[in-house]
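Asks: Here is my input; please provide its structure:
(chains A, B, C and D)
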Number of protein chains: 2
Amino acid sequence: MAENMAERKKAILRAVTDDYITTAEPVGSRTIARKYGLGVSSATIRNEMADLEEEGYLEQPHASAGRIPSDKGYRFYVDSLMTGRYLPGFEEKRIRLEYERRRDEIRALIRTTARVLGDISQCASVVVGPAVKTAEIRHIQLVPLSSETVLVLVVTNAGLVEHRVLTIEHTMHSADLDRISRILNSKLRGSTLAQMRGAVLREVQAELSAYAAFLDQMFELLLAAMHSPDEERVYVDGLMQLLAQPEFKDVDRARPVLEFLESDDLVLRALAVAGSRGLGGTVVTIGSENVRDELQSCSVISAPYGVAGKVVGTIAVVGPTRLDYSTVTALVGYMAEGLSDILARLNSRESGE
Amino acid sequence: MAENMAERKKAILRAVTDDYITTAEPVGSRTIARKYGLGVSSATIRNEMADLEEEGYLEQPHASAGRIPSDKGYRFYVDSLMTGRYLPGFEEKRIRLEYERRRDEIRALIRTTARVLGDISQCASVVVGPAVKTAEIRHIQLVPLSSETVLVLVVTNAGLVEHRVLTIEHTMHSADLDRISRILNSKLRGSTLAQMRGAVLREVQAELSAYAAFLDQMFELLLAAMHSPDEERVYVDGLMQLLAQPEFKDVDRARPVLEFLESDDLVLRALAVAGSRGLGGTVVTIGSENVRDELQSCSVISAPYGVAGKVVGTIAVVGPTRLDYSTVTALVGYMAEGLSDILARLNSRESGE
DNA sequence: CTTAGCACTCCCAGCTTGCGAGTGCTAATG
DNA sequence: CATTAGCACTCGCAAGCTGGGAGTGCTAAG
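Replies: Numbers count the residues shown, from 1 in each chain, chains lettered A, B, ... in the order given. Reported below is the predicted structural model:
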């Protein structure tokens, strides 16, 4: 769109956007002339701003206030005007530090990510954790707990350790369980739980026909676990930071957004787009570009993370449309990359030699 | 305190409190006379109310508004006036239903508890999950993942399954790990991780001296896990419901409370009291009775839950001092009991025969 | 095309005003 | 002597008004 906009107009649009992002106040021609050295008078800027408004890049909250960027204006800003796209050094350092000490446990890692993301962006943050059902199985193991119960353990390539307790009818010996574990491992390693239902499953059943009843029970449990509404996958943080933003000083304006963020389902669906584009890209969705009504006044910046080229989850920042696109885009990109790196390390270690 | 308050005065205090709890509006003498059939005129009630105010049970938000209960008034209401203490049948049914389908996984159970608690009370809810370090160990198991990594699995009597991945230097054979697991089990079962460091630990070391290096590493990891600031233990829900309460329509009034609830540490400390009184009781803390500044305008109703007579966690509802003490007390009590029951069942199953 | 000047618009904060709700006092009542 | 009706009084709140300030759009001159 309008890449050929006159340079001065671009400069003005950038100035308005930059200023509004930091001050949260509608910005007038005078301010632009004073604070941003464009070498023209406020009257000239006024004319340009009137044009920009007519073209839909700016809008006035009310007749005699300054201008603020419209969604279209933000979009243009993000696509062609935004400078920087780098993360302040000390933030980067902080992230590395936090990640340094959380390398072991994936859940802690995810919580930390959400917290840091919220802290730095001063917005709400979302981290979607790995889904069990689509992750590659690294290891599967049956552990005897008591004569009546067996723990089914699944370790995925995303570092996730999932477990269920299975109540069994006939006592199984430790040796039996080991044998089953070994065969399950050799057959299932590398495939996903979702794929498991097909051919592989029948194959296992054939090889272990002696334990048919037990296996039935176990698979049923695993499939149920996998179909459970993706609980535990979505971590939200920084709600406080969001409330501190001036656009949400009115609780009634904030509530829809907070309610949206509280619903794991909706969040998952809204972030599905980011994941579908593959690793390495950040997606910015501005105001009315969001499908959901609740997010019409919000922007979402999201990026997928993953292992071995495969997407396993998404991280995102949700804030008012007036958000610091440059910094937050850099932030989200950096953290997604960081997460991917750590997962890769975890993964190589666990699949070791 | 003043158990010998005149019956009519009590009735009036009860009426004021009941009315204010449901309407959130200061209540005047006229309203009492009309809505609560005390058989006296508003003038009489006015006189009594003036007395009650002088004695500190009521207060006026401003000179010519109705009265609202003071913290002292609420305290008296909770201790001596409150009627009911029962939970509506349909709520009870809902809780049973929700618990019915979440019997297996303790984390899901806890999340559900928090959600339901928030839903029904229309307030914020907190569930403190079992701590690993003080829970009794039911089962401990080492699972080989790769030649470089071993999964350490600890199952506690509270149904908690905790796991850490341990990177080892020298390859361990599955048989070795089994042998270690067996011995660990026989020595450690029934004790807590916190107790582990002492005599038991040395005993194990002696018996398994061949694996000394490995054991050192493992214990270190477990102890580190146990000393990590109790992450993952605190689940908060119903923040939205809290914001919907009229006393929090102003974000600035709500923020301190929300910030408090976002800090796991503070929440844990505030709820420590409830746990220390043993199973079966609910604790009500009203407004200024709370130590923390952030909670001066809130009331907290909490109850511990546990297994085999031992407290393993706490659930709580946090709302404005104007909260429905009768219903919420019943609710919190009922859910704590329900949680305990489920844990007991889990426990007996896993330690089975 | 740019700019200075100016009239105009509109929000906002502060003030006033008129209700309505509720109180406290007083005097009358059983 | 407790209870009650009556009444003046207080106060918060919403509505209406007002002045100031910020910012615009227009126009005419450079």
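Asks: center of chain A - which residue?
Replies: A:I315 (1.8 Å; Cα atoms, centre = their mean).
Asks: Would the strand or helix carrying that one count as contacting chain B?
Replies: Following DSSP states H and E, one finds A:I315 within strand A:310-320. No - Strand A:310-320 lies out of reach of chain B by Cβ under 8 Å from any Cβ of the partner chain, never closer than 14.1 Å. Every C-beta, even on glycine, is put in place using the N, C-alpha and C of the backbone.
Asks: What residues sit buried inside that strand?
Replies: A:V311, A:V312, A:G313, A:T314, A:I315, A:A316, A:V317, A:V318, A:G319, A:P320 (16 or more other Cβ atoms under 10 Å in any protein chain shown).
Asks: mind listing the helices for the stretch 151-300 of chain A?
Replies: With DSSP state H, counting those that start in this stretch, the ranges of helices along the stretch 151-300 of chain A come out as A:174-188, A:193-196, A:199-207, A:212-227, A:239-244, A:251-262, A:264-276.
Asks: Return the third one as CSV; C-alpha atoms alone will do.
Replies: Output of helix A:199-207 as CSV, limited to C-alpha atoms (Å, rounded to 0.1, in the frame of the first residue of the first chain):
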residue,chain,number,x,y,z
ALA,A,199,-1.3,-48.5,12.1
VAL,A,200,1.3,-48.3,14.9
LEU,A,201,-1.2,-49.0,17.5
ARG,A,202,-2.4,-52.2,15.8
GLU,A,203,1.2,-53.3,15.4
VAL,A,204,1.9,-52.9,19.0
GLN,A,205,-1.3,-54.8,19.9
ALA,A,206,-0.3,-57.7,17.7
GLU,A,207,3.2,-57.9,19.2
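Asks: what packs against that helix?
Replies: helix A:174-188, helix A:212-227 (3 or more Cβ pairs under 8 Å, 6 or more residues apart in numbering or on different chains; DSSP states H and E).
Asks: now the angle from it to helix A:212-227?
Replies: Angle of helix A:199-207 versus helix A:212-227, following axes from the mean of the first three to the mean of the last three Cα atoms, to 10 degrees, is 160 degrees.
Asks: What lies in contact with helix A:199-207?
Replies: For helix A:199-207, the external contacting residues (Cβ atoms under 8 Å, 6 or more residues apart in numbering or on different chains) are A:I183, A:L184, A:K187, A:L188, A:S191, A:A212, A:L215, A:F219.
Asks: The same query, at a cut-off of 10 Å, please.
Replies: A:180, A:183-184, A:186-188, A:191, A:195-196, A:211-212, A:215-216, A:219, A:223 (Cβ atoms under 10 Å, 6 or more residues apart in numbering or on different chains).
Asks: cool, the fourth one as well?
Replies: Surrounding helix A:212-227, the residues in contact under the criterion Cβ under 10 Å, 6+ apart are A:131-134, A:140, A:142, A:150, A:152, A:154, A:162-170, A:172, A:176-177, A:180, A:184, A:192-194, A:196-197, A:201, A:204-206, A:208-209, A:211, A:231, B:104-105, B:108.
Asks: Using JSON lines, lay out the helices and strands packed on helix A:199-207 together with mean neighbour count, distance to DNA strand C and mean pLDDT.
Replies: Formatted as JSON lines, the helices and strands packed on helix A:199-207 follow (neighbours: other Cβ atoms under 10 Å in any protein chain shown; distance: least, Cβ to the nearest atom of the strand, whole Å; pLDDT from 0 to 100):
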{"stretch": "helix A:174-188", "mean neighbour count": "17", "distance to DNA strand C": "62", "mean pLDDT": "84"}
{"stretch": "helix A:212-227", "mean neighbour count": "16", "distance to DNA strand C": "50", "mean pLDDT": "76"}
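Asks: Measure how buried A:N290 is and give me the count.
Replies: Around A:N290 there are 20 other residues, counting by other Cβ atoms under 10 Å in any protein chain shown.
Asks: That one touches A:I301, doesn't it?
Replies: No - using Cβ atoms under 10 Å, A:N290 is not in contact with A:I301; the gap is 11.9 Å.
Asks: where do the contact lists of the two overlap?
Replies: A:V318.
Asks: picking that back up, what about the strand holding A:I315, average pLDDT?
Replies: Taken as a whole, strand A:310-320 carries a mean pLDDT of 95.
Asks: Mark out where each domain of chain A begins and ends.
Replies: With domains defined by automatic domain parsing, chain A comprises A:7-81, A:89-131+A:232-350, A:137-227.
Asks: Relative to DNA strand D, tell me which of those wins on proximity.
Replies: domain A:7-81 (3.0 Å; Cβ to the nearest atom of the strand).
Asks: Does that closest one reach DNA strand D?
Replies: Yes - counting by Cβ under 7 Å from any atom of the strand, DNA strand D is contacted by domain A:7-81 at A:26-31, A:42-43, A:46, A:49-50, A:53, A:60, A:64-67.
Asks: partners of the strand holding A:I315, with directions?
Replies: If you go by DSSP bridges, strand A:310-320 pairs up with strand A:124-128 (antiparallel), strand A:298-307 (antiparallel).
Asks: Next, the angle helix A:251-262 makes with that strand.
Replies: Relative orientation of strand A:310-320 and helix A:251-262, computed by the same axes, to 10 degrees: 170 degrees.
Asks: pLDDT below threshold where in the stretch 101-250 of chain A?
Replies: Within the stretch 101-250 of chain A, the stretches with pLDDT under 70 are A:103, A:197-199, A:225-232.
Asks: Around chain B, pick out the residues from the stretch 51-200 of chain A.
Replies: A:101-102, A:104-108, A:111-112, A:115, A:118, A:138-139, A:141-149, A:151, A:153, A:155, A:159, A:161-168, A:171, A:174, A:178, A:181-182 (Cβ under 10 Å from any Cβ of the partner chain).
Asks: now do 8 Å
Replies: For the stretch 51-200 of chain A, the residues in contact with chain B (Cβ under 8 Å from any Cβ) are A:104-105, A:107-108, A:111, A:138-139, A:141, A:143, A:145-149, A:151, A:153, A:155, A:161, A:163-165, A:167, A:174, A:178.
Asks: out of those, which are inside strands?
Replies: Among those, the members falling in strands are A:138-139, A:141, A:143, A:149, A:151, A:153, A:155, A:161, A:163-165, A:167 (criterion: DSSP state E).
Asks: Selection in PyMOL covering whichever of the residues of domain A:7-81 next to DNA strand D are buried, please.
Replies: Typed into PyMOL, the line below selects the buried ones among the residues of domain A:7-81 next to DNA strand D, using 16+ other Cβ under 10 Å:
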select buried, chain A and resi 26+27+28+29+31+46+49+66+67
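Asks: Which helix runs longest in chain A?
Replies: Using DSSP state H to define each element, chain A has its longest helix at helix A:325-350.
Asks: Which of the three states applies to the residue lying closest to A:L160 once chain neighbours are set aside?
Replies: Excluding the flanking residues, the one nearest A:L160 by Cβ to Cβ, 6 or more residues apart in numbering or on different chains is A:P130, at 5.0 Å. What DSSP: H, G, I helix; E, B strand; the rest coil gives for A:P130 is coil.
Asks: who's in contact with A:P130?
Replies: Per Cβ under 8 Å, 6+ apart, neighbours of A:P130: A:I106, A:T156, A:A158, A:G159, A:L160, A:R233, A:V312, A:G313.
Asks: can we see that at 10 Å?
Replies: By Cβ under 10 Å, 6+ apart, the neighbours of A:P130 are A:106, A:110, A:156-160, A:162, A:233, A:305-307, A:311-313, A:343.
Asks: Among those, which one lies nearest to A:Q122?
Replies: For those, the minimum distance to A:Q122 (Cβ to Cβ) is 20.2 Å, reached by A:I110.
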